[in-house]
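> Give me a model of this one.
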Amino acid sequence: MPIPANWSGPLLSVLRIVAALAFLHHGTSKFFGLPPFPMPAPLPPLLLAAGAIELVGGALLLIGLLTRPVAFIASGMCAVGYFMAHAPKGFFPSVNGGEAILLYAFIFLYLAAAGAGPWSVDAARNRG
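Predicted coordinates for the structure are as follows:
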């Protein structure tokens, strides 16, 4: 039995919220050690930039504010991260450890095109 068409908007919002929470925790890990993950101290400039995008972008995506431009920036950051850190280790994402960042890149690219969904600040601003 297929999912009813009227569920597509709310499920888009759920995808955005879940992806944003998962993305946000990478930023909190880099800056606050929550959850604990070994990071070089001090953080190199590229990890500082990535952490800022993860922290601020993740929070904005979580509430659905400025979703399209923020998701586009996050998607680009993930693509760059994949090709800099994972692709040199091998062609296949399952081998090079890049499955998660590759999925983030395409989820955020989709959100940049589709928008935030109905459960978002963006939707509330458009209604008002």
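> Which secondary structure state does A71 sit in?
helix (DSSP: H, G, I helix; E, B strand; the rest coil).
> I'd like the distance between the spatially most central residue of the chain and L62.
When Cα atoms, centre = their mean is applied to the chain, the residue found nearest the centroid is F23 (4.6 Å). Using Cβ to Cβ, to the nearest Å, F23 is found at 9 Å from L62. Quick note: C-beta positions are derived from backbone N, CA and C, even for glycine.
> circling back to that earlier point, where does the residue nearest to the centre of the chain sit relative to L55, distance-wise?
9 Å.
> got it, and G27?
3 Å.
> hang on, the residue nearest to the centre of the chain packs against L60?
No. The pair F23 / L60 is not scored as a contact, 10.5 Å apart, by Cβ atoms under 8 Å.
> Now list whatever residues contact both of these two.
With Cβ atoms under 8 Å, 6 or more residues apart in numbering applied, the contact sets of F23 and L60 do not overlap.
> Let me see the contact set for the residue lying closest to G33 once chain neighbours are set aside.
In this structure, G33 finds its nearest non-sequential neighbour in M39, 7.9 Å apart by Cβ to Cβ, 6 or more residues apart in numbering. Residues in contact with M39 (Cβ under 8 Å, 6+ apart) are 29-30, 33, 47.
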